[in-house]
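>>> got a predicted structure here, sequence first:
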Protein chains: 2
Amino acid sequence: MNSVPELPVLDRVILAHGGGGELMARLIRRHLLGPLRNDALAALTDGAVLPPIDGELVFTTDSYVVTPIEFPGGDIGRLAVAGTVNDLAVMGATPLALSLGLILEEGLPLATLDRIVATIARTAAEAGVHVVTGDTKVIEHRATGGLPASSGSARPAHEGLGVPPLADGQMFINTAGVGRRRPGLRLGVDRVTPGDVVLVNGTLADHGLAVLSVRAGIAFESPLRSDAAPLAGLIGRVLDAGVDVKFMRDATRGGLAGVLCDVSEGAGVTIEVEERRLPVTPTARHAAELLGLDPLTVANEGKCVFVVAHQHADQALRVLRDHPLGREASRIGEVTAAQPPLVELLTPAGGRRVVQRPYGEDLPRIC
Amino acid sequence: MNSVPELPVLDRVILAHGGGGELMARLIRRHLLGPLRNDALAALTDGAVLPPIDGELVFTTDSYVVTPIEFPGGDIGRLAVAGTVNDLAVMGATPLALSLGLILEEGLPLATLDRIVATIARTAAEAGVHVVTGDTKVIEHRATGGLPASSGSARPAHEGLGVPPLADGQMFINTAGVGRRRPGLRLGVDRVTPGDVVLVNGTLADHGLAVLSVRAGIAFESPLRSDAAPLAGLIGRVLDAGVDVKFMRDATRGGLAGVLCDVSEGAGVTIEVEERRLPVTPTARHAAELLGLDPLTVANEGKCVFVVAHQHADQALRVLRDHPLGREASRIGEVTAAQPPLVELLTPAGGRRVVQRPYGEDLPRIC
């Protein structure tokens, strides 16, 4: 055996954890392989070998930079698994395997890392998928570090929704995913036609508002919790039921508005959304008002927009509501041939408002 | 069409580029889709659909946090493509598709982004692989930002090899990769036995020393350039030639020493390395001395360690030297049954030195 220098007991990530040496090997063994254990990952080779896959593959990637890394209803680990699983699912794929790229900031408490890795393992199990390959890098602490979290922000007041001063080290996560595409499925905005119905599987804006409320230090009477959840099971149910889904997309950055504008532009159709049918909790509505945000443009992490054939809309809604992640599913609108193509909100008072894609909301690090 | 606010002309990445709105769509269209163009990526869906793959898959991921992001001989983009291609190749896979996860720091000049994306496209073409799916996030500038690069470091002198003060925004890249495993190949440390021969395809330590020299502000008479290169073609030639490769790994973090210690520990064998056969350029040797580093533990990004059956060693060396990336390939050592298992360096004077895996070298952000 190669002789090993005595290793200190550490409670935080240090730069040497990223050096490719003994300390890194220990970090991986103790803090990653245990909770995530599976045969492919345990081999610790340069990649994972997956058994042959019958049919087309779907391959996707997403990085997660949310701050704070733990928030009501979830953490960056749940987000990273759910987000990539959802990207596979909305492409009509059954998720098979995830990769996990961790960028750890010096100073990250190992106890925090352990909690987040545990969430990753739990969320992956919930989604029926394994983390089969990974990589870990360590970066030096940002120069804002060392400030206690309670010391207040040096940023000007109008940046109150920005990033609070860092105390402990943070982390970024990239997850890529591989899935098997369901055979015979054809999804795309090119299939969307007037008469189609738009559904969503539950309440809007919870993720973004939960994160922003924490950053702004606002507490509400009712809990405001992120909706981050892997939707592969829910989407699988809808497809298994034979619903003619023409297009689906999870409404993350850009919110519901972003997805609907994509559909409207891509298909050259108008989408009429009934405001009274938009599922938004009173707490979320209140939070959005307080923060000056439109719930339609705020990020969700467990919500999917479905455009389905008119004659399948009722069935789709039933299937969604039968699933724990779709209890508050709603039929929110309809595709029309009106020109020019717009996304229009029909207000309860009978008014119409054009819904625009956000320009580039100044809400960094929401996912 | 949804009406679009007038967009300002920007020369740098701003937070709103990451917001999922119009500005982000423009960033992706203008700065990413053009240079990387291919059908899968152009669809701009939540993932890429890949045609069915015959046989086993290999799936891998790596994040890249090197600083500076541009250095002699390469940049973070070349590193990100080469590193992931190499991870697939050393697993015996032919690279098929890459994902690209960009984390851009506010303040990154768009001209820099353009150069790096161009390198990504060029290196992917060199490796015969496409970037088929991607994701872009923007994070706020580190608080050290805004300092001109020439203003000197506020860090203590003993951290001279650390990270210089940031001026323009930086970036992190994650690439994941999917490849098709060559059928019938069996690779692994469990196959390594006494008598096997250890080869490397060229000079050692060039990547790490090139990056560190830039950080330390040291110039040398001869150019010191990163060796970052995709090795899939070179490795393919060796396998095509029928060489019985038992194990191969690219010698990145931890350097040659890290790989050899893995083999020694994993196979329970001793590896004797002849120091005079280690290909290290005079410039690299001089740089390592000046920086107080051992070239054996410094990261490479275009070097692969091959353990091959004894009777195939000469053929393997010929095939390697026939390839532009293997001109300076060398047979560096041999596997023996000596116990306890060690990695030993045989010096020209006839001495022996035990080569240890680095503990956790304090050289952050080298790859």
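Yes, it's here. Numbering: from 1, shown residues only, chains lettered A, B, ... in the order given.

>>> going forward, measure contacts and count neighbours with C-alpha atoms only.
OK.

>>> now do the strands in chain A.
A:48-50, A:57-64, A:70-71, A:74-75, A:93-105, A:130-139, A:171-181, A:197-200, A:245-250, A:270-274, A:304-308, A:330-336, A:343-346, A:352-354 (DSSP state E).

>>> can you add mean neighbour count, mean pLDDT and distance to chain B and give those back as JSON lines?
As requested, these are exported to JSON lines (neighbours: other C-alpha atoms under 10 Å in any protein chain shown; pLDDT from 0 to 100; distance: least, C-alpha to the nearest C-alpha, whole Å):
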{"stretch": "strand A:48-50", "mean neighbour count": "23", "mean pLDDT": "94", "distance to chain B": "5"}
{"stretch": "strand A:57-64", "mean neighbour count": "29", "mean pLDDT": "97", "distance to chain B": "4"}
{"stretch": "strand A:70-71", "mean neighbour count": "18", "mean pLDDT": "96", "distance to chain B": "17"}
{"stretch": "strand A:74-75", "mean neighbour count": "21", "mean pLDDT": "98", "distance to chain B": "17"}
{"stretch": "strand A:93-105", "mean neighbour count": "25", "mean pLDDT": "97", "distance to chain B": "6"}
{"stretch": "strand A:130-139", "mean neighbour count": "25", "mean pLDDT": "95", "distance to chain B": "5"}
{"stretch": "strand A:171-181", "mean neighbour count": "28", "mean pLDDT": "98", "distance to chain B": "6"}
{"stretch": "strand A:197-200", "mean neighbour count": "26", "mean pLDDT": "98", "distance to chain B": "18"}
{"stretch": "strand A:245-250", "mean neighbour count": "24", "mean pLDDT": "97", "distance to chain B": "8"}
{"stretch": "strand A:270-274", "mean neighbour count": "24", "mean pLDDT": "98", "distance to chain B": "9"}
{"stretch": "strand A:304-308", "mean neighbour count": "26", "mean pLDDT": "98", "distance to chain B": "12"}
{"stretch": "strand A:330-336", "mean neighbour count": "21", "mean pLDDT": "98", "distance to chain B": "14"}
{"stretch": "strand A:343-346", "mean neighbour count": "22", "mean pLDDT": "98", "distance to chain B": "8"}
{"stretch": "strand A:352-354", "mean neighbour count": "14", "mean pLDDT": "96", "distance to chain B": "8"}
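
>>> nearest to A:Asp190, out of the ones you listed?
strand A:245-250 (8.5 Å; C-alpha to C-alpha).

>>> and the angle from the closest one to strand A:304-308?
170 degrees (axes from the mean of the first three to the mean of the last three C-alpha atoms, to 10 degrees).

>>> ok, the residue lying closest to A:Thr347 once chain neighbours are set aside - contacts?
Excluding its sequence neighbours, the residue lying closest to A:Thr347 (C-alpha to C-alpha, 6 or more residues apart in numbering or on different chains) is A:Glu275, at 5.3 Å. When contacts are counted by C-alpha atoms under 8 Å, 6 or more residues apart in numbering or on different chains, A:Glu275 touches A:Ile332, A:Leu345, A:Leu346, A:Thr347, A:Pro348.

>>> OK, contacts around A:Gly21?
B:Arg253, B:Gly254, B:Gly258, B:Arg357, B:Pro358, B:Tyr359, B:Gly360, B:Glu361.

>>> and A:Thr119, by the same measure?
By C-alpha under 8 Å, 6+ apart, the residues touching A:Thr119 are A:Asp75, A:Gly77, A:Arg78.

>>> these two touch, right, the first one and A:Ile69?
This points to A:Asp75. Yes - counting by C-alpha atoms under 8 Å, A:Asp75 touches A:Ile69, with 5.5 Å between them.

>>> so A:Thr60 bridges to which residues?
Beta-bridge partners for A:Thr60, by DSSP bridges, are A:Gly177.

>>> buried stuff in the lowest-mean-pLDDT helix or strand in chain A?
Lowest mean confidence among the helices and strands of chain A (mean pLDDT, DSSP states H and E): helix A:39-42, at a mean of 78. For helix A:39-42, burial by neighbour count (16 or more other C-alpha atoms under 10 Å in any protein chain shown) applies to A:Ala40, A:Leu41, A:Ala42.

>>> what's it packed up against?
Packing partners of helix A:39-42 (3 or more C-alpha pairs under 8 Å, 6 or more residues apart in numbering or on different chains; DSSP states H and E): strand A:48-50, strand A:130-139.

>>> what residues does the shortest one touch?
Right, strand A:48-50. A:Ala40, A:Leu41, A:Val132, A:Thr133, B:Glu56, B:Leu57, B:Val58, B:Phe59, B:Thr60, B:Arg181.

>>> from the middle of its chain, how far away would stretch A:320-330 be?
Chain-centre distance of stretch A:320-330: 18 Å, with C-alpha atoms, centre = their mean, to the nearest Å.

>>> give me the contact list for that stretch.
With C-alpha under 8 Å, 6+ apart as the criterion, stretch A:320-330 contacts A:199-203, A:231, A:234, A:237-238, A:277-279, A:317.

>>> start and end of stretch A:179-193, how far apart?
Start and end residues of stretch A:179-193 are separated by 28 Å (C-alpha to C-alpha, to the nearest Å).

>>> buried set for that stretch?
For stretch A:179-193, burial by neighbour count (16+ other C-alpha under 10 Å) applies to A:Gly179, A:Arg180, A:Arg181, A:Arg182, A:Leu187, A:Gly188, A:Val189, A:Arg191, A:Val192, A:Thr193.

>>> so which of these is the closest to A:Val211?
For those, the nearest to A:Val211 is A:Gly179 (29.3 Å; C-alpha to C-alpha).

>>> would you list the contacts of strand A:48-50 in a markdown table and tack on distance to A:Pro51?
Formatted as a markdown table, these follow (distance: C-alpha to C-alpha, whole Å):
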| residue | distance to A:Pro51 |
| --- | --- |
| A:Ala40 | 11 |
| A:Leu41 | 14 |
| A:Val132 | 12 |
| A:Thr133 | 14 |
| B:Glu56 | 5 |
| B:Leu57 | 6 |
| B:Val58 | 9 |
| B:Phe59 | 11 |
| B:Thr60 | 14 |
| B:Arg181 | 10 |
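
>>> could you work out the most separated pair of these?
Farthest pair in those, by C-alpha to C-alpha: A:Leu41 and B:Arg181, 17.0 Å.

>>> so, low pLDDT: which residues of chain A?
A:1-8, A:143-167, A:361-362 (pLDDT under 70).

>>> now with 90, please.
For chain A, the stretches with pLDDT under 90 are A:1-10, A:14-16, A:18-26, A:37-46, A:140-168, A:216-223, A:357-365.

>>> buried residues of the helix ranked longest in it, list them for me.
Longest helix in chain A by number of residues (criterion: DSSP state H): helix A:110-127. Buried residues in helix A:110-127, counted by 16+ other C-alpha under 10 Å: A:110, A:112-113, A:115-124, A:126-127.

>>> residue ranges for the helices of the stretch 251-367 of chain A, please.
Ranges of helices within the stretch 251-367 of chain A are A:255-267, A:282-291, A:313-321, based on DSSP state H, counting those that start in this stretch.

>>> switch those over to CSV; also include mean neighbour count.
Converted to CSV, the helices of the stretch 251-367 of chain A look like this (neighbours: other C-alpha atoms under 10 Å in any protein chain shown):
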stretch, mean neighbour count
helix A:255-267, 23
helix A:282-291, 17
helix A:313-321, 19
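
>>> go through these and name the closest to B:Asp46.
Closest among these, using C-alpha to C-alpha: helix A:255-267, at 11.6 Å.

>>> separation between the nearest residue to A:Arg357 once chain neighbours are set aside and A:Ala267?
Computed as C-alpha to C-alpha, 6+ apart, the closest residue to A:Arg357 that is not its neighbour in sequence is A:Gly258, at 5.0 Å. Per C-alpha to C-alpha, A:Gly258 is found 14 Å from A:Ala267.

>>> and A:Ala48, by the same measure?
39 Å.

>>> with A:Ile28 instead?
A:Ile28 sits 47 Å away from A:Ala267 when distances are taken as C-alpha to C-alpha.

>>> same check, this time on A:Val298
From A:Val298 over to A:Ala267 (counting by C-alpha to C-alpha), the distance is 23 Å.

>>> cool, A:Arg186 as well?
15 Å.

>>> and if you look at A:Met91?
For A:Met91, the distance to A:Ala267 - C-alpha to C-alpha - is 17 Å.
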